[in-house]
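> Any chance you could fold what I've pasted below:
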Amino acid sequence: MKSTLTAIALALTALTSAAQGFPSKNVTIVVPTAAGGGNDLMARTIAQKLAPMLGQSVIVENKAGANGAIASEFVARAAPDGHTLMLGYIATHAMNPALQKLRYDPVTDFEPVAMVGYSGTLMVANAAVGVKDVKDLVAQLKAKPERYVYATAGNGTAPHFAGELFKLNAGVEMIGVPYKGSSPAINDTLGGQTQFMFPSLFSALPHVKGGKLKALAIAGPKRSPLLPDVPTMKEAGVDGVEVQQWYAIFAPAKTPKDVIAKLNKSINEVLADKEVIKRMEDHGADVETSTPEQLGSLVKTELAKWKNVVVKARITAD
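Okay, here's the model as predicted:
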């Protein structure tokens, strides 16, 4: 009995010392998309405020490719000490794993740390295309489906799922081109190489406000207060296209619980900063905090939800 109590005491001491000694070096937040996109901006906003709280530099590293799988695998295999984190989102921890077999498990290979926020999905078109609204686009797609090409942030991402749901529910055919993240996809839509796409409001809003992208509809249950004149997809005549994107911080599995708790507390404090809230809201994201347990439950619920959508909407990885 005495030896058992001693072992428990030593284990508790080890856990406590893990948090006391953390962080002992720079912390890296890995972003699964290209630099310049919404995910990247979100991570850099957090990193800037998180660094002084932790007393170490917080570096943002972009690892785009394979619809977030490259970054996810990297973080899943990193040392479980809290120094390597990931800005995961709906694609890396729900949609892509629901779509295809990957070399990481979104549940067992990660420790949930903290929610960051939500952003609606916006249907946008290159302003020069001249599409008036969703009904106009649907009519043109039915008449000449080869005329328009839409961009995605990669197969298994929210822009891909939104596009496939739109095809199914609008009864149209269209060609999708996958990119390594929203930033290059938006750039080609801005340049006219692709004509429309379904980015997050967080990624698209500056270009909509600048008049370079035309917002056609919100793929969500309600309008955005930032774009009150833009209808929901249902209001625009196409029901069944609701894609609410979410973002969160994850660590490798087996990262000590007290290190996770310290990170959760610090990140929640960052997200309570008025400057951070304003920057996020100005770009179309709603800040949302959580406990690690709440985030873990969200991942499991979302994974099950999108597996069901993949079957019903016949979405494929091709």
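
> counting contacts, what elements does the longest helix along the chain pack onto?
When the chain is parsed with DSSP state H, its longest helix is helix 292-312. Packing partners of helix 292-312 (3 or more C-beta pairs under 8 Å, 6 or more residues apart in numbering; DSSP states H and E): helix 96-99, strand 110-120, helix 158-170, strand 244-252, helix 257-271. In short, each C-beta sits where N, CA and C put it, glycine included.

> Quick check: which of these is nearest to Val177?
Of all the helices and strands packed on helix 292-312, it is helix 158-170 that lies closest to Val177, at 10.2 Å by C-beta to C-beta.

> Partner strands of the following helix or strand past that closest one and their direction?
Downstream of helix 158-170, the first helix or strand assigned by DSSP states H and E is strand 175-178. Strand pairing for strand 175-178, determined by DSSP bridges: strand 149-152 (parallel).

> average model confidence for the partner strand?
Across strand 149-152, pLDDT averages out at 95.

> got it, and stretch 206-214?
Mean pLDDT, stretch 206-214: 94.

> Just the buried residues of it, please?
By neighbour count on 16 or more other C-beta atoms under 10 Å, the buried set for stretch 206-214 is Pro206, His207, Val208, Lys212, Leu213, Lys214.

> Can you give the distance of that stretch from its chain's centre?
Distance, stretch centre to chain centre, for stretch 206-214: 21 Å (C-alpha atoms, centre = their mean, to the nearest Å).

> first to last residue in that stretch, what's the distance?
Across its full length, stretch 206-214 reaches 11 Å between end residues, using C-alpha to C-alpha, to the nearest Å.

> and what of stretch 93-110?
10 Å.

> and what of stretch 218-229?
End-to-end distance for stretch 218-229, by C-alpha to C-alpha: 10 Å.

> just to revisit the earlier point, ok, of the buried residues of stretch 206-214, which one's closest to Ala114?
Using C-beta to C-beta, Pro206 comes nearest to Ala114 of the buried residues of stretch 206-214, at 25.7 Å.

> Show the model's pLDDT score for the nearest residue to that closest one once chain neighbours are set aside.
Spatial nearest neighbour of Pro206, excluding adjacent residues (C-beta to C-beta, 6 or more residues apart in numbering): His283 at 7.1 Å. His283 carries a pLDDT value of 87.

> Next, count neighbours for His283.
Using other C-beta atoms under 10 Å, His283 has 20 neighbouring residues.

> before we move on, what about Glu302?
There are 19 residues near Glu302, going by other C-beta under 10 Å.

> Could you measure from it over to Glu164?
Separation of Glu302 from Glu164 (C-beta to C-beta, to the nearest Å) stands at 17 Å.

> Likewise for Leu205?
Applying C-beta to C-beta, the value for Leu205 to Glu164 is 23 Å.

> Inside helices: which ones of the buried residues of stretch 206-214?
Applying DSSP H to the buried residues of stretch 206-214, the entries found in helices are Pro206, His207, Val208.

> so which of the residues you listed comes closest to Glu275?
Checking those against Glu275 by C-beta to C-beta gives Pro206 as the nearest, at 17.8 Å.

> Show me the shaky parts of this structure.
1-18 (pLDDT under 70).

> Can you pull the domain assignment for it?
2-118+246-312, 122-218 (automatic domain parsing).

> who's in contact with the residue nearest to the spatial centre of the chain?
Closest to where the C-alpha atoms of the chain average out (C-alpha atoms, centre = their mean) is Tyr89, at 3.1 Å. Tyr89 sits next to Pro32, Asn39, Gly68, Ala158, Gln245, Trp246, Tyr247, Ala248 when contact means C-beta atoms under 8 Å, 6 or more residues apart in numbering.

> again, 6 Å this time
Contacts for Tyr89 were tallied using C-beta atoms under 6 Å, 6 or more residues apart in numbering; they are Tyr247.
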